[in-house]
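Undergrad: sequence and predicted structure below; questions after.
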Amino acid sequence: MNIDILTYLQDNPVKHGKSMNFEIRGISLNEIQQLEQSYNNGEAFPKALTELLYLGGDFCYVLTKGQYDTQQEMQEISREKLLEFNKKIIRPFFVIDVYNSSEQFLFVYLDEGDNPYVYQAYLPTLDYLPPITNLDKKLSEYINFLIDKVKKGFNPF
């Protein structure tokens, strides 16, 4: 697969730690197609998301699947949490990062072009706080921003 958008992630596949290194691991194109079938009615994902999954869908040192073993499990639990907190996301979306037991997660809408914006869902919100926030960074910008933070010593986990 040609990487056109997430070239910075492709060029920085390893987070060098003090005692061990953390290298990104992707998932197969077949697995990505199965996810497209489940979460985007069989339509192709945005190119940046496909590249992210291909490069780091199994492990990515700047994003986390939390305690979940697979992308599928992360998607399912995050959607269950939406229901648990009586929240809805009507547009097609895909979760890219989870934290706080999936009560918070980052996601992209699947209908915003090849390099969609990253959004944060904070489910246990108070009435005066919006549960969904646009982080004002496209997926490639967000990944590049996190890689640069890691290079400066930030630990995202």
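TA: Sure, I can see it. Here the structure is a predicted model, which is why all the values come from computation and not from measurement.
Undergrad: mind checking what helix or strand follows the helix or strand of the chain with the lowest mean pLDDT in sequence?
TA: Here the helix or strand of the chain ranked lowest by mean pLDDT, DSSP states H and E is strand 14-16, holding a mean of 78. Moving toward the C-terminus from strand 14-16, the next helix or strand (DSSP states H and E) is strand 21-23.
Undergrad: buried sites along that following strand?
TA: Residues of strand 21-23 classed as buried by neighbour count (16 or more other CB atoms under 10 Å): residue 22. C-betas here are computed from N, CA, C, even on glycine.
Undergrad: what is the mean pLDDT for that strand?
TA: The pLDDT scores in strand 21-23 average 81.
Undergrad: try stretch 115-124
TA: On average, stretch 115-124 scores 93.
Undergrad: tell me the buried residues in that stretch?
TA: Buried-residue list, stretch 115-124, by 16+ other CB under 10 Å: 115, 116, 117, 118, 119, 120, 121, 122, 123.
Undergrad: in a markdown table: those, plus secondary structure.
TA: Listed next are these as a markdown table, based on DSSP: H, G, I helix; E, B strand; the rest coil:
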| residue | secondary structure |
| --- | --- |
| 115 | coil |
| 116 | coil |
| 117 | strand |
| 118 | strand |
| 119 | strand |
| 120 | strand |
| 121 | strand |
| 122 | strand |
| 123 | coil |
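Undergrad: nearest to residue 78, of the residues you listed?
TA: The nearest member of the buried residues of stretch 115-124 to residue 78, counting by CB to CB, is residue 121 at 7.9 Å.
Undergrad: so that closest one touches residue 105, yeah?
TA: Yes - counting by CB atoms under 8 Å, residue 121 touches residue 105, with 5.3 Å between them.
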